[in-house]
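In: Below: sequence and its predicted model.
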Amino acid sequence: MLLISVPTDSYAMLILNVGVVLLLGLIFGRLAEKIHLPDITGYLVAGLLLGPISGFLTTTELSHMSIISNLALGFIAFQVGNELWLGKLKKSGKRIVIITTIQALFTTLVVSLMLLLVTDPSTAMILGAIAAATAPAPIMMLINKYRTKGPLTSTIVPIVGLDDAVGVIVFGVLLSLGVALAGQNASSLTVLNVIGEPLMEIGLSIVFGSVIGVIAGVATRTITKNQEAQVKQLDLIIITVFITVGIAMLFDASPILTPMIAGAFVTNLINKDSYILEEETIRFFIPPIMILFFTLSGAQLSFSVLATIGVIGVVYIIGRTIGKFGGSYIGSTVVATEPTVKKYLGFAMLPQSGVAIGLSMAAYHALIDVNPDMAASIQNITLASVLVFALTGPILVRMAFKQANEMTIEE
């Protein structure tokens, strides 16, 4: 069981630090809005100030706050799942699967092939798999903030939900191949390692998420519409996210896919009035969690990694950009989507943060005994790309929604 150990005399500082993170994140978010930038960018800048720039938050203090990031990702994933209503997806479900698969595989292929020109096959394929990951958090936050509606919004929400499932499978397969090649031990390649382990993670996530989601959905249907309805709804959401994230981490399932699947089951088991209540509750509750998540994400980044990535890192960032734009355009063209989706989906698929960092950590632990230099290189390159895409991604997503005329609330 994973427990976070904090000395008793450090609890006061931990609570104080959380308050400082919230305050500075809120201030910088407001300042970013004043100069017409997404507030997410302000949160990240606040995190950079608290972490790598000032050193106010040390690595140890940030590790004590890791539970906040895990839970925040859980709430984000639950919210994504909450948008996956089958009634809305029946017409576009097949298209979404095709676009998601094409853009993820195309990004992996482009990044891997470009990196083969400057590095070894193992590093190329592992980084190619990590490149497919798209961060749902900034996308969902901007959708909620500007109440976006239209073809681009309807397309991107289910895509970022399915993107993690595709990404986990691709990463699991290529990581096993990469580790075997790095260790020059082809005999270590087995069906269980290459296919079984990622499928097991997906399978456990589906089972846990489904069971908990059904229970939560049935419980939600019992809530009668009165003055305490929103409070009861919030209780259920918090319980669902805590249990799904906790059980996923305990049994090596995905702490992102599990709450997302639970959210999907809940939204498909409740009626329209309950759905509206749940949507309003999440929108009311989630903003402070988002401030904490993005500010802490910024604090965990480091400018120093930029000096270590070299040509490989630059090629990775360029390759991922080409892959996301190209894959999104090809996928949208194959299924004949609306012109705005074909034109702007690539911009909205660039954000990268927590999921990519998690995959890079998995790669680091898998490679550290095989090839320590490769393990460090992959981790540093991923962190550097996260720094770049975390700062630029939200700006490009906002621009995409604005150019597509889907923002119902203007700044």
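Out: Noted; the coordinates are in hand. Residues are numbered from 1 along each chain as shown.
In: Lys34 - how many residues pack around it?
Out: Using other CB atoms under 10 Å, Lys34 has 10 neighbouring residues. The C-beta positions use only the backbone N, C-alpha and C, and glycine is treated the same way.
In: meant to ask about Leu250, not that
Out: Residues lying near Leu250 (other CB under 10 Å) number 12.
In: quick one: it and Leu296, what's the gap?
Out: Counting by CB to CB, to the nearest Å, the gap from Leu250 to Leu296 is 23 Å.
In: do the same with Val218
Out: Val218 is 34 Å from Leu296, by CB to CB.
In: Same question for Thr240.
Out: Thr240 sits 23 Å away from Leu296, going by CB to CB.
In: Leaving aside the residues adjacent along the chain, what's closest to Gly42?
Out: Distance criterion CB to CB, 6 or more residues apart in numbering; nearest residue to Gly42, sequence neighbours excluded, is Ala32 at 3.1 Å.
In: dump the residue contacts of the one you found.
Out: Pro38, Asp39, Ile40, Thr41, Gly42, Val45 (CB atoms under 8 Å, 6 or more residues apart in numbering).
In: Quick one: name whatever helix or strand follows the helix or strand hosting the fifth one.
Out: Okay, so that is Gly42. Following DSSP states H and E, one finds Gly42 within helix 39-48. For helix 39-48, the following helix or strand on the C-terminal side (DSSP H and E) is helix 59-64.
In: and that next one, what does it pack onto?
Out: The contact analysis (3 or more CB pairs under 8 Å, 6 or more residues apart in numbering; DSSP states H and E) places helix 59-64 against helix 11-34, helix 287-300.
In: Check the offset of the last one from the chain's centre.
Out: The gap between the average C-alpha position of helix 287-300 and the chain average comes to 13 Å, counting by CA atoms, centre = their mean, to the nearest Å.
In: and after that helix, which helix or strand comes next?
Out: Using DSSP H and E, the helix or strand that follows helix 287-300 in sequence is helix 306-334.
In: Just the C-alpha atoms of the helix or strand following that following helix, please, in CSV.
Out: Once helix 306-334 ends, the next helix or strand along the chain (criterion: DSSP H and E) is helix 339-348. What follows is helix 339-348 as a C-alpha-only set of coordinates in CSV (Å, rounded to 0.1, in the frame of the first residue of the first chain):
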residue,chain,number,x,y,z
PRO,A,339,-14.1,21.9,-41.6
THR,A,340,-13.5,23.6,-38.2
VAL,A,341,-12.6,20.2,-36.7
LYS,A,342,-10.2,19.4,-39.5
LYS,A,343,-8.6,22.8,-39.3
TYR,A,344,-8.2,23.3,-35.5
LEU,A,345,-8.2,19.9,-33.8
GLY,A,346,-4.4,19.7,-34.1
PHE,A,347,-4.0,22.9,-32.1
ALA,A,348,-6.2,21.5,-29.3
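In: Mind listing residues that contact helix 339-348?
Out: Identification of contacts with helix 339-348 by CB under 8 Å, 6+ apart yields 99, 103, 139, 150-152, 155-156, 159, 324-329, 332-333, 337, 396-397, 399-401, 403-406.
In: Give me whichever of the helices and strands packed on helix 59-64 is most buried.
Out: Highest mean neighbour count of the helices and strands packed on helix 59-64: helix 287-300, a mean of 24 (counted as mean count of other CB atoms under 10 Å).
In: Show me what that one is packed against.
Out: In this structure, helix 287-300 makes packing contacts with helix 11-34, helix 39-48, helix 59-64, helix 66-82, helix 136-146, helix 354-367, judged by 3+ CB pairs under 8 Å, 6+ apart.
In: Please find the angle between the direction vectors of the fourth one and helix 287-300.
Out: Orientation check (axes from the mean of the first three to the mean of the last three CA atoms, to 10 degrees): helix 66-82 against helix 287-300 gives 130 degrees.
In: So Lys145 sits against Phe401, correct?
Out: No - contact criterion CB atoms under 8 Å: Lys145 and Phe401 do not qualify, at 9.9 Å.
In: So for the two, which sits in the more crowded spot?
Out: Shown here are Lys145 and Phe401; by other CB under 10 Å, Phe401 has more neighbours (26 against 20).
In: Off-centre distance for the helix or strand hosting the more buried one?
Out: Using DSSP H and E, Phe401 maps to helix 372-403. Chain-centre distance of helix 372-403: 12 Å, with CA atoms, centre = their mean.
In: Identify the residues contacting the residue nearest to Trp85 when sequence neighbours are not counted.
Out: Once flanking residues are discounted, Trp85 sits nearest to Thr267: 5.2 Å by CB to CB, 6+ apart. When contacts are counted by CB under 8 Å, 6+ apart, Thr267 touches Gly81, Asn82, Glu83, Leu84, Trp85, Gly217, Tyr275, Glu278.
In: Would you quantify the distance from Thr267 to Glu279?
Out: Taken as CB to CB, the span from Thr267 to Glu279 is 9 Å.
In: Name the residues contacting each of the two.
Out: Common neighbours of Thr267 and Glu279 (CB under 8 Å, 6+ apart) are Asn82.
In: List the backbone torsions phi and psi for Asp252.
Out: phi 60, psi 30 (degrees, to the nearest 10).
In: Now the phi/psi pair for the residue most central in space within the chain, please.
Out: The centre of the chain sits closest to Ala135, judged by CA atoms, centre = their mean, with a distance of 3.3 Å. Per-residue torsions, Ala135: phi -80, psi 120 (degrees, to the nearest 10).
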